[in-house]
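K.L.:
Would you be able to build a 3D model of this:
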Amino acid sequence: MQDEIVISVRDLRKKFKVYSDKGSSLKEKLLFFRRNKYENRWVLNGISFDLRCGEAVGLIGKNGCGKSTMLKLLTQIMYPTSGQLKIKGRVSSLIELGAGFHPDMSGRENIYTNASIFGLTKKEIDRRMEEIITFSELEEFIDDPVRTYSSGMYMRLAFSVAINVEADILLIDEILAVGDVSFQKKCFEKLKQIKRAGTSIIIVSHSLGQLEEICDRSIWIEDGRVRMEDEPKKVHKKYVEQMEKERMERIGEEYEKEELAVDDSEDEKISDFCGRKVLRLGKHQMYFSGALLTNSDHKPQNVFKTGDDLYAHFFYKNPNKIEEVLFCLRIYNEKNEFCFGTNTNVECRKYFRPNEEGTVDITLREVSLLKGRYMIDIDILETSGEAQDVIHEALPFYIENDVRRDGIIDITTTWKVDEDDIFI
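P.N.:
Modelled structure (predicted):
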């Protein structure tokens, strides 16, 4: 049963006519007929993949790459220009927030309307009504007009209907990004539950961590084609590396074109550092000349496992003979959330008198970060607090493992259930 293919996509292509300035009235069309010129824009250009029963697949890629168009083709909101698309089973979708809701109807009335679109009979809707309302947590507002709902309330109602129609296939487009944190978590747990029950799921999302939790595969779409398809963490690593490379290239081009003015107190510029473009601040009378991450064998490495020791080496030059400085290190995750920070004043309780050139070696013991991409920022500060050199995202590294815990850090816990010690 699990090997049964419920969606088969073969060489799917979709083009749109993009008008430069199309006249809307008859007068405009007659007077400015030349404006009706258009170009064919291929959004999907030969997509092929299968979705099996009970499988969850994530679609990732830059905005405009064709992810949402793919979902609309699967829901038959639109049809492909060419290619084959076969779907087996009832499809439920969450593509556009509140699509199909009538603003003047109550939440309860919209449940009937929306659920009937998914193919449920009135008797089936009556049987599931209380379950839908309870899950949405909108009991107090369910008989109010939907136009009085906030966007978060819209999402709650739409999601509650979609997951209670007992569909064979569920299609979701960024819907989990809306609503409060507790309801997002509740929705995510519900998705895991219906996946275990055998529902097949396709999710379009920029939240790579969520996809890794629920998806069996990820498909990276680029320029209307499948760039890579594999286990989520393998695809996401390559995807993030490519996005980072493109981001730094764009930043470099923008700075070169605009020739941004330099602040009187701090020089801000894009420069090459360890083969990457990075953002640097500071006076640069003393500066970092290089950096390296190694393992315990002193070999360069940037992929580690939770609990590994990391060895960071920073090389500096001090041609202007700055007398006393403070070295700082900070770690951020791919969402730019601050994970850890320290400096020589905290660790060594003193400032350092640097040589004309030298090395700062830092051992990070048993790093407890969970899987993901991380960046190290490094600073050289004077005793006055003035920045000599501040490098954002100086060293990238990855944590990869099979630890099935959520969050940023790994914490060893001891559980006691019925007086029996269970060590995790």
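
K.L.:
which residue packs closest to Ile221, ignoring adjacent ones?
P.N.:
Counting by CB to CB, 6 or more residues apart in numbering, Gly61 is the residue found nearest to Ile221 once chain neighbours are left out, at 4.0 Å. The C-beta positions use only the backbone N, C-alpha and C, and glycine is treated the same way.

K.L.:
which residues touch that neighbour?
P.N.:
Applying CB atoms under 8 Å, 6 or more residues apart in numbering, we find Gly61 in contact with 67, 220-222, 227, 239.

K.L.:
Show the buried residues in these.
P.N.:
67, 220-221, 227, 239 (16 or more other CB atoms under 10 Å).

K.L.:
Poorly predicted segments of the stretch 51-200 of the chain, please.
P.N.:
96-100, 175-181 (pLDDT under 70).

K.L.:
All the helices of it, residue numbers only.
P.N.:
When secondary structure is read from DSSP state H, counting those that start in this stretch, the stretch 51-200 of the chain shows helices at 67-74, 107-117, 122-136, 151-162, 181-196.

K.L.:
Relative to Arg276, which of the ones you listed is closest?
P.N.:
In terms of CB to CB, the element of the helices of the stretch 51-200 of the chain nearest to Arg276 is helix 67-74, at 28.0 Å.

K.L.:
what's that closest one packed up against?
P.N.:
In this structure, helix 67-74 makes packing contacts with strand 5-19, strand 38-52, strand 56-60, strand 82-87, strand 91-94, strand 169-173, strand 200-204, judged by 3 or more CB pairs under 8 Å, 6 or more residues apart in numbering; DSSP states H and E.

K.L.:
And the fourth one, what's buried?
P.N.:
Applying a neighbour-count criterion of 16+ other CB under 10 Å, one finds 83, 85, 87 buried in strand 82-87.

K.L.:
go on, the second one?
P.N.:
When burial is assessed from 16+ other CB under 10 Å, strand 38-52 yields the following buried residues: 43-44, 47, 49, 51-52.

K.L.:
Met243: how many residues sit nearby?
P.N.:
Met243 has 14 neighbours, counted by other CB atoms under 10 Å.

K.L.:
Over to it. Which of the three states is it?
P.N.:
Secondary structure for Met243, judged by DSSP: H, G, I helix; E, B strand; the rest coil, is helix.

K.L.:
contacting residues for it?
P.N.:
Per CB under 8 Å, 6+ apart, neighbours of Met243: Lys62.

K.L.:
Quickly note the distance from it to Arg373.
P.N.:
10 Å (CB to CB, to the nearest Å).

K.L.:
Same question for Gly119.
P.N.:
42 Å.

K.L.:
ok, the two, which is more surrounded?
P.N.:
Applying other CB under 10 Å to Gly119 and Arg373 shows that Arg373 carries more neighbours, namely 20 against 13.

K.L.:
Need the nearest residue in space to that one, chain neighbours excluded.
P.N.:
Excluding its sequence neighbours, the residue lying closest to Arg373 (CB to CB, 6+ apart) is Glu334, at 4.4 Å.

K.L.:
contacting residues around the one you found?
P.N.:
Here Glu334 is in contact with 208, 240, 372-374 (criterion: CB under 8 Å, 6+ apart).

K.L.:
nearest to Thr294, of the contacts of Gly61?
P.N.:
The closest of the contacts of Gly61 to Thr294 turns out to be Tyr239 (CB to CB; 26.1 Å).

K.L.:
Chain neighbours aside, what residue packs nearest to the closest one?
P.N.:
Trp220 (5.3 Å).

K.L.:
Hmm, the one you found is touching Gly58, no?
P.N.:
No. Between Trp220 and Gly58 there is no contact under CB atoms under 8 Å: 9.3 Å.

K.L.:
hang on, the earlier thing: how much space between the residue nearest to Ile221 and Asp230?
P.N.:
From Gly61 to Asp230 the distance is 14 Å (CB to CB).

K.L.:
and what of Arg10?
P.N.:
20 Å.

K.L.:
cool, Lys17 as well?
P.N.:
Lys17 is 35 Å from Asp230, by CB to CB.

K.L.:
So between these two, which is more surrounded?
P.N.:
Higher neighbour count among Lys17 and Asp230: Asp230, with 14 against 9, using other CB under 10 Å.

K.L.:
closest to Val325 among the buried residues of strand 82-87?
P.N.:
Distance to Val325 across these (CB to CB) is lowest for Gly83, with 61.6 Å.

K.L.:
what's the closest non-adjacent residue to the closest one?
P.N.:
Using CB to CB, 6+ apart, the closest residue to Gly83 is Leu12 (3.7 Å).

K.L.:
so what's the one you found bridging to?
P.N.:
Beta bridges link Leu12 to Ile47, judged by DSSP bridges.

K.L.:
Show the contacting residues for it.
P.N.:
44, 46-48, 70, 73, 80, 82-85.

K.L.:
if we can go back for a sec, how close does the residue nearest to Ile221 sit to Lys238?
P.N.:
In this view, Gly61 and Lys238 are 12 Å apart by CB to CB.

K.L.:
Need the residues touching each of those two.
P.N.:
Trp220.

K.L.:
ok, back up a step: in helices, which of the contacts of Gly61 appear?
P.N.:
Taking DSSP state H, the ones among the contacts of Gly61 that sit in helices are 67, 239.

K.L.:
Put together a markdown table for the contacts of Gly61, with distance to Gly282 on each row.
P.N.:
Output for these, formatted as a markdown table (distance: CB to CB, whole Å):
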| residue | distance to Gly282 |
| --- | --- |
| Lys67 | 40 |
| Trp220 | 37 |
| Ile221 | 40 |
| Glu222 | 37 |
| Arg227 | 38 |
| Tyr239 | 32 |
